[in-house]
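1. pasting a predicted model and its sequence here:
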Amino acid sequence: MSSVSSAPSDAPKLAPFEEAHPFKLTETPNAGWKVGDGLSKTPLGRDWKADEELGWKTWDMAQTSTPDATQILNSTVVPRPIGFVSTLSAENYPNLAPFSFFQVVAYNPPIISLSFRLSPRQPKDTRENILATKQFVVNLISEPFIEAANATSVEAPADVSEWDISGLTQEPSVHVKPARVRESAVSLECELFQSQDIFPDGSTVPSATLVLGRVKYVHVRNSVLRPDGLQADPAKLRPISRISGVTYARLGEGFDMKRPEWSDVKSILEEQRSCPE
Ligand SMILES: Cc1cc2nc3c(=O)[nH]c(=O)nc-3n(C[C@H](O)[C@H](O)[C@H](O)COP(=O)(O)O)c2cc1C
């Protein structure tokens, strides 16, 4: 049986997925960094500096084709979280699809954003459903069901449910009518807050629609919560993000860095100015 989730056929032979791949905290890339140091003084920093000799490639975006702009922006603004969005059509037909133009934009009130890229060839059912019903659920994707989530991005005929394709489970929501994904560790029940169509210069046909959703109700699996009962533990959440093309990424390592206090930075700057090296 063919697999819809396998890598492209021209892909090189890949290492197997490592299930036991715990997210761990490490030191920062240059643990000895001091105020004013700039680029890391490690070999990594020296190589990065040496690369400057190769210069920069630039694009005037007014002269850049949409396919090129897509490749440039898609591969550079990374990693992107992925909202796995459940909606109902005006006729109550369920829909499920992933969207990586997704972010939190405010805490008070809690607002998230989604953006739909539109083509006259195929409308985005999720967009139509949100504009029609004003309700949706954004589920977060974790490693154990990434293939199922990816499969829902298929351009299926309107009478085929992506839920059936995915094999994932519809769990009733509390505040909105669309179901949440039971397998998701995190589900955000949302109501439409605002939408904004985006038009190419001189066109009256939108090329994208930005949707802001007000988060009304949140579900987080107990098993991914930290002891504080509020924050998710990335090692347990095992989130998946989107990077360029058809590539996804998982979390490998992270490092903690405190936000500097101005009083500390100020005194270091004063000290450096009074006795330069
Ligand atoms: C990981 C991933 C991220 C995606 N992100 C977006 C996105 O941000 N915006 C968009 O319009 N389409 C995005 N797509 C494509 C949609 O998922 C795809 O067009 C889907 O068929 C839309 O389903 P719908 O018509 O049922 O809404 C993405 C696809 C994948 C696999």
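-> Yep, it's here.

2. what's the span of stretch 228-236 from first residue to last?
-> End-to-end span of stretch 228-236 (C-alpha to C-alpha, to the nearest Å): 14 Å.

3. in it, what's buried?
-> Across stretch 228-236, burial judged by 16 or more other C-beta atoms under 10 Å covers 232, 234. Using the backbone N, CA and C atoms, a C-beta is placed for each residue, glycine as well.

4. identify the bridge partners of the residue positioned nearest the centre of the chain.
-> In the chain, the C-alpha closest to the average C-alpha coordinate belongs to P81, at a distance of 1.3 Å (C-alpha atoms, centre = their mean). When bridges are called by DSSP bridges, P81 pairs up with S241.

5. how close does it sit to the ligand?
-> 10 Å (C-beta to the nearest ligand atom, to the nearest Å).

6. the strands in the stretch 51-200 of the chain, which residues?
-> For the stretch 51-200 of the chain, the strands defined by DSSP state E, counting those that start in this stretch occupy 80-81, 83-88, 94-99, 102-107, 110-117, 135-140, 170-171, 180-181, 186-198.

7. in a markdown table: the ones you listed, plus mean pLDDT.
-> A markdown table is the format used below for these (pLDDT from 0 to 100):
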| stretch | mean pLDDT |
| --- | --- |
| strand 80-81 | 97 |
| strand 83-88 | 98 |
| strand 94-99 | 97 |
| strand 102-107 | 98 |
| strand 110-117 | 98 |
| strand 135-140 | 98 |
| strand 170-171 | 98 |
| strand 180-181 | 98 |
| strand 186-198 | 98 |
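
8. right, and the residue nearest to the centre of the chain touches V138 too?
-> No: P81 is beyond contact range of V138, at 9.7 Å (criterion: C-beta atoms under 8 Å).

9. overlap of the contact sets of those two?
-> Residues touching both P81 and V138 (C-beta atoms under 8 Å, 6 or more residues apart in numbering): F102.

10. check contacts around the residue nearest to the centre of the chain.
-> 100, 102-103, 140, 239, 241-242.

11. now swap in L225 and tell me
-> 231-233, 236.

12. ditto for E261
-> With C-beta under 8 Å, 6+ apart, E261 has no contacts at all.

13. restrict the contacts of P81 to those that also contact the ligand, please.
-> Residues of the contacts of P81 in contact with the ligand (C-beta under 6 Å from any ligand atom): 100, 242.

14. beyond the helix or strand T209 falls within, next helix or strand please.
-> Counting by DSSP states H and E, the element that carries T209 is strand 208-220. Next along the chain after strand 208-220, taking DSSP H and E as the criterion, comes helix 234-237.

15. now do that next one: everything it contacts.
-> 22-24, 140, 142, 185-186, 223-225, 251, 254.

16. kindly indicate which of those lies nearest V35.
-> G254 (23.0 Å; C-beta to C-beta).

17. what's the pLDDT at that closest one?
-> The model reports G254 with a pLDDT of 94.

18. again, but for Q71
-> With respect to pLDDT, Q71 has a value of 96.

19. hang on, the earlier thing: which of the contacts of P81 sit farthest apart?
-> Farthest apart among these - using C-beta to C-beta - are Q103 and P239, which lie 13.6 Å from each other.

20. which one's more surrounded, those two?
-> Higher neighbour count among Q103 and P239: P239, with 20 against 13, using other C-beta atoms under 10 Å.

21. E253 and S113, how far apart?
-> Per C-beta to C-beta, to the nearest Å, E253 is found 28 Å from S113.
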